[in-house]
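Q: What shape does this take:
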Amino acid sequence: MAKKRKDTKAPNIQNFLNQLALISGYKLTRTKALEKMLCVKCGKEAKNFSDETSKKEYNLSALCQQCQNAFFFQIGTSSDG
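A: Numbers count the residues shown, from 1 in each chain. Just a heads-up that it's a prediction; the model follows:
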């Protein structure tokens with residue numbers, strides 16, 4: 001069983017990130033996603049990650065592996081620059 005994570009950011013940062021998630025149309029707040037081991041964006045379980053870097057990223061963003069892949073692919077294929 002995966003260990004539930006606690007949001008360790010300062011309360012004002014937690015509030016900001018939670019509000020950002022809600023106005024972005026995400027399924028959950030970051031704090032709730034971390035508590036329940038779910039993805040902040042899609043609401044699915046966030047328990048299986050491809051590597052340690054992805055696990056660490058979940059602690060920062062609360063994005064599951066699939067949403068991380070989509071997000072970072074989108075950044076990598078941006079036509080800016």
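
Q: surely N59 meets D7?
A: No - if you go by Cβ atoms under 8 Å, N59 and D7 don't touch, sitting 9.2 Å apart. C-beta coordinates here come from the backbone N, C-alpha and C atoms, glycine included.

Q: ok, the two, which is more surrounded?
A: More neighbours surround D7 than the other of N59 and D7, with 19 against 13 (other Cβ atoms under 10 Å).

Q: Distance of the more buried one relative to S50?
A: Look at D7 and S50: by Cβ to Cβ, to the nearest Å, they are 23 Å apart.

Q: Could you list which residues are in contact with the most centrally placed residue in the chain?
A: Most central in the chain under Cα atoms, centre = their mean is A62, positioned 1.9 Å from the mean C-alpha point. The neighbours of A62, taking Cβ atoms under 8 Å, 6 or more residues apart in numbering as the test, are A21, L28, R30, A33, L34, L38, C39, V40, A46.

Q: With neighbour count and secondary structure as extra columns, can I get the residues you listed in TSV?
A: Output for these, formatted as TSV (neighbours: other Cβ atoms under 10 Å; DSSP: H, G, I helix; E, B strand; the rest coil):
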residue	neighbour count	secondary structure
A21	21	helix
L28	20	coil
R30	24	helix
A33	27	helix
L34	23	helix
L38	19	strand
C39	23	coil
V40	27	coil
A46	27	coil
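
Q: quick check, nearest of the residues you listed to F73?
A: C39 (16.0 Å; Cβ to Cβ).

Q: okay but the closest one is in contact with R30, surely?
A: No - C39 is not in contact with R30 according to Cβ under 8 Å; the separation is 10.4 Å.

Q: Now do the same for R5: helix, strand or coil?
A: Applying DSSP: H, G, I helix; E, B strand; the rest coil to R5 yields a three-state assignment of coil.
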